[in-house]
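1. Provide a 3D model corresponding to the input given below.
(2 chains)
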Amino acid sequence: MEIAYFLGCIMNNRYPGVEKATRMLFDALDIELKDMEGASCCPAPGVFGSFDETTWAAIAARNLCIAEDMGADIMTECNGCFGSLFEANHMLKEDADKAAEINAILAEVGKEWKGTTNVKHFAQILRDDVGFEKLASIIEKPLNLNVAVHYGCHFLKPTKTIGIEEQAENPSILDTLVEITGAKSVDYEEKMMCCGAGGGLRSRDLDVTTSYTKEKLENMQAAGVDAIVNCCPFCHLQFDQGQTEVNAKYGTDFAIPVFHLAQLYGLAMGLSADELTFDAQKIDATPAIKKAIGE
Amino acid sequence: MIILGVFSMGILERLKALFTGEKIEEKGAEKAEVKETPVKTPVDSGTKTSESKTKKVDAPKAEAKEIPVKVEEAELKKQEAPKEEAKPPEVKEEPVEEEEAPKEIIDDEVENEDSNNNNKKEDNMTLLTDTELINDSNRDKEFTAEFIDAGLETVKHCFQCGTCSGGCPSGRRTPYKVRQIVRKCLLGLKEEVITDDALWMCTTCYTCQERCPRSVTIVSIIKKARNIAAHAGYMAKPHKMTGVFVMNTGHGVPINDATKALRSKIGLAEVPPTTHSFPEALAEVQKICKITGFDELIGYDESTGGLKE
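-> Predicted coordinates:
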C-alpha cells in the first residue's frame, strides 16, 4: 500500500517528532509513505477559507493534483489540513461549475484537478486500512498512562460529509486507538469542545482562544489525567504553547504533557523522547513518559 | 393592520361621541370622516378645537418618537393637498401605539405638558421605536442572494430555535451570536454583519451545525459572510500576515532554524520536501494568488514581501 503523505505546516515545521514517529510506524506496518513534492499549506481554513473561497479551493486543489499525479490517496495528520483538503475535494466533486472555475486557474500553472484521489486522516487510515488487530501486534510494551483524548473539530465534523463517525459528538475512534497502546482514555467534561485555536481566532484574538483552552485544561485536570492526546498539530500547539499562555494570563500552574497520537505510538514502539522531539515542547513530558514506560 | 385600524376608529368614535353627544351606531358614515382627521392634524398644527380632540388620540405617537413624526409632518407639508388621501394608511402603520387605549386616556389629562415625556419613555422602554425597527429599506437583498447563489440556500431553512447559540463555545465568552448572524444574513442586513468583529469570533468548530435541527450549513454561512466582509476591507492584520507567509514561503507556519536543527538531529531531511524545497512549486502558489487577486485583497507588496500599508 502506498499513501501520499501530506505534511502541512505546523507538524513538520514545528513538531518534527510527529513526522518521525509516523514514518517509523508506517514502516512497521508495511505502508509506503510517498512524499508530495512541492506541496504547500493546505491552505489555512481560518484565513484563506474565511477571506476568499476561490483562492482557498485553488491552492487546496493544487495539493490534491500532486497526489492525483502520484496515483495515491492522501494522508494528513492535521485536522485543519484534513478539513481543507477533504472539503475542497468534496466541493469540487459536487459542483461542476466550481470545478471548471478552479481548473481554469490550475491550467495557468499546468495542473488539472480530476477528482481521483481521496483525502484521509491518519487516525482513519489506522482504523480502516490498517485495522486494530494489526496495530496491536506492533506494540512492544503497553503504555501505563491515563490520558484525556482531544478529538478537535475538523477531523469528524461536519459528520454528514465526512462520515468517519456516525455521531461526531459521541465518537470512539481515537479512544480505541489510544487504548490499543495500553493507555487508558479517561472521560472528562466537555470532551468534544474545541481547543480554541481554529477559525483564525488564535492569531486574531489570543485572549478568547486562551479562555477556551483554560476551560479544556480545567476539565482535563479535574479528571486526573497524565497527558493530553490529540490528532491535530494545531490543537497540539494550542495545548502545548497555549498552556503556558493560560498559566501566564490566569496565574494557573497547568503542566499536562501533550502527545500527538503518532507520538503515543512512537513511544509504544520504543522511540526515545528526543526522537519524538518532546524536548522541543513547552510542557515537560518527562513525568508522563516515565510513568508510561514504567521507569 | 386593517383590523387594528377599525378598532382604533372605534375608540375615536367613542371619544367623539363623548364630546359631541352623538350616537356611535352609524359606523359606516363615520369612517370616512375619521380617516381624514389624522392627516389634517399634523398639517394644520392643531388650532381648531374639534381637531385637537383627535390630536389627543394621536399624541402618544408624537411623544414616543418625536423625530419620526416631525419628519412625517415635513413630508406632509411638502405634498400637495390631493395627496392627502394617500397618507392615512401610513398613519395606520403604527399599530403599537394605537392599541394602547389606556395610555391615551392618561395622555388626555396631561396632554399639554411636555413633562410627561419621561413617563412615556419609561412606559415604552422595552418597545422598539420606529428608528430601531427593521424594514425593507434596511435590507440588502443582493447580500442575501450571495448566500443563495453560493449554494447556501439552507440559510432560508433556519427557524431561529437558537440551538446553535445554545451550544456555541464562543457565545459563552464573546459577543458572537450565531443565531442572530444567520438571521441577519437571510434578512440582508449586510452592514450589521460585515462590520461586526464578532463575526470573527467563531473557531469553525461545527458544534452548531452538528446540532442544527434544520440542517442549516451554519459554518459555511459564517465563512461566506466573512468572505464578503474581507472583500469589503474588513480583515485583521494578523490574518493578512498569514496570507503573506503563504505567499512568501507556501506555508502559513514556515520552517525556522530551530526546527531545521531538530529535523536533522532526528534523521529527517533538514528542510521538508514541500514548497520549502521546490521554488518552482512556490511560484505556482504565488501565481494562483495573483490570478485570484488574493495578493491585492490582502494588500501584498511584492517588492518588500510584506503588506503595503
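2. give me every residue that touches the spatially closest residue to residue A:129 that is not a sequence neighbour.
-> Among residues not flanking residue A:129 along the chain, residue A:1 sits closest, at 6.8 Å (C-beta to C-beta, 6 or more residues apart in numbering or on different chains). Any C-beta I mention is one placed from the backbone N, CA and C, and that applies to glycine too. With contact taken as C-beta atoms under 8 Å, 6 or more residues apart in numbering or on different chains, residue A:1 is in contact with A:30, A:31, A:32, A:129.
3. ditto for residue A:95
-> Neighbouring residues of residue A:95 by C-beta under 8 Å, 6+ apart: residue B:151.
4. what of residue A:265?
-> Applying C-beta under 8 Å, 6+ apart, the residues near residue A:265 are A:21, A:25, A:181.
5. with residue B:229 instead?
-> By C-beta under 8 Å, 6+ apart, the contact set of residue B:229 is B:193, B:194, B:195, B:199, B:235.
6. which helices and strands does the helix or strand harbouring the first one pack with?
-> Residue B:193 is part of helix B:190-194 when elements are defined by DSSP states H and E. Packing partners of helix B:190-194 (3 or more C-beta pairs under 8 Å, 6 or more residues apart in numbering or on different chains; DSSP states H and E): helix B:178-187, helix B:218-231.
7. any residue of the first one up close to chain A?
-> No. Applying C-beta under 8 Å from any C-beta of the partner chain, one finds that helix B:178-187 is not in contact with chain A, the shortest distance being 12.0 Å.
8. what's next to that helix, contact-wise?
-> With C-beta under 8 Å, 6+ apart as the test, helix B:178-187 has contacts from B:134, B:138-139, B:143-144, B:147, B:155-156, B:158, B:160-162, B:164-165, B:168, B:170-171, B:192-193, B:196, B:198-199, B:202, B:208, B:216, B:218, B:221-222, B:224-225.
9. so which residues of the chain form strands?
-> Went with chain A since none was named. With DSSP state E as the criterion, chain A has strands at A:2-6, A:32-35, A:73-76, A:119-121, A:146-150, A:184-185, A:227-230, A:258-260.
10. not quite, I wanted chain B
-> B:300-301, B:306-307.
11. winner for burial among those?
-> strand B:300-301 (a mean of 18; mean count of other C-beta atoms under 10 Å in any protein chain shown).
12. partner strands of that strand, parallel or antiparallel?
-> strand B:306-307 (antiparallel) (DSSP bridges).
13. picking up where we left off before, just the buried residues out of the contacts of helix B:178-187, in PyMOL syntax.
-> Per 16 or more other C-beta atoms under 10 Å in any protein chain shown, the buried members of the contacts of helix B:178-187 correspond to this PyMOL selection:
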select buried, chain B and resi 139+143+144+147+155+158+164+165+168+170+171+192+193+196+198+199+202+208+216+218+221+222+224+225
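14. JSON lines for the contacts of residue A:265, including distance to chain B and neighbour count?
-> Shown next, in JSON lines, are these (distance: C-beta to the nearest C-beta, whole Å; neighbours: other C-beta atoms under 10 Å in any protein chain shown):
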{"residue": "A:21", "distance to chain B": "10", "neighbour count": "28"}
{"residue": "A:25", "distance to chain B": "14", "neighbour count": "23"}
{"residue": "A:181", "distance to chain B": "20", "neighbour count": "25"}
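15. in helices, which of those residues appear?
-> A:21, A:25 (DSSP state H).
16. redo the contacts of residue A:265 as CSV? Include distance to residue B:186 and pLDDT.
-> Shown next, in CSV, are those (distance: C-beta to C-beta, whole Å; pLDDT from 0 to 100):
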residue, distance to residue B:186, pLDDT
A:21, 47, 98
A:25, 48, 97
A:181, 48, 98
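17. so how far is residue A:6 from the residue in chain A that chain B sits nearest to?
-> At 2.9 Å from chain B, residue A:38 is the closest residue in chain A, using C-beta to the nearest C-beta. Distance of residue A:38 to residue A:6, given as C-beta to C-beta, to the nearest Å: 12 Å.
18. of those two, which one has the most company?
-> residue A:6 (27 against 22; other C-beta atoms under 10 Å in any protein chain shown).
19. surely that one touches residue A:70?
-> No. The pair residue A:6 / residue A:70 is not scored as a contact, 11.1 Å apart, by C-beta atoms under 8 Å.
20. low-confidence stretches in the chain?
-> Assuming you mean chain A. For chain A, no stretch has pLDDT under 70.
21. should've been chain B
-> Using pLDDT under 70, chain B drops low at B:1-125.
22. for burial, what's the neighbour tally of the residue of it found nearest chain A?
-> Per C-beta to the nearest C-beta, residue B:281 is where chain B lies closest to chain A, at 2.9 Å. Per other C-beta under 10 Å, the neighbour tally for residue B:281 reads 22.
23. hmm, back to that, rebuild the contacts of residue A:265 as TSV, extending it with distance to residue A:139.
-> Putting these into TSV (distance: C-beta to C-beta, whole Å) gives the following:
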residue	distance to residue A:139
A:21	13
A:25	11
A:181	6
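24. which neighbours do residue A:6 and residue A:70 share?
-> What both residue A:6 and residue A:70 touch, as defined by C-beta under 8 Å, 6+ apart, is the set residue A:36.
25. tell me how far the closest residue to residue A:183 other than its chain neighbours lies from residue B:292.
-> The shortest distance from residue A:183 to any non-neighbouring residue, by C-beta to C-beta, 6+ apart, is to residue A:145 (4.1 Å). Between residue A:145 and residue B:292 the computed distance is 46 Å (C-beta to C-beta).
26. neighbour-wise, which of the two wins?
-> Legend: neighbour count by other C-beta under 10 Å for residue A:145 and residue B:292, higher for residue A:145 (26 against 22).
27. which other residues reach stretch B:282-289?
-> In contact with stretch B:282-289 (C-beta under 8 Å, 6+ apart) are residues A:38, A:40, A:55, A:58-59, A:62, A:105-106, A:108-111, B:246-247, B:249-250, B:275, B:294-295, B:300.
28. write the PyMOL selection for whichever of the residues you listed are buried.
-> Buried residues among the contacts of stretch B:282-289 (16+ other C-beta under 10 Å), as a PyMOL selection:
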select buried, (chain A and resi 38+40+55+58+59+62+105+106+109+111) or (chain B and resi 246+247+249+250+275+294+295+300)
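29. the contacts of helix B:178-187 in helices, which ones?
-> Filtering the contacts of helix B:178-187 for helices - DSSP H - leaves B:143-144, B:147, B:164-165, B:192-193, B:208, B:218, B:221-222, B:224-225.
30. relative to residue A:295, which of those residues is nearest.
-> For the ones in helices among the contacts of helix B:178-187, the residue nearest residue A:295 by C-beta to C-beta is residue B:208; the value is 44.9 Å.
31. and the nearest residue to the closest one once chain neighbours are set aside, what does it touch?
-> The shortest distance from residue B:208 to any non-neighbouring residue, by C-beta to C-beta, 6+ apart, is to residue B:164 (3.5 Å). Residues near residue B:164 by C-beta under 8 Å, 6+ apart: B:178, B:179, B:182, B:208, B:209, B:211, B:212, B:216, B:218.
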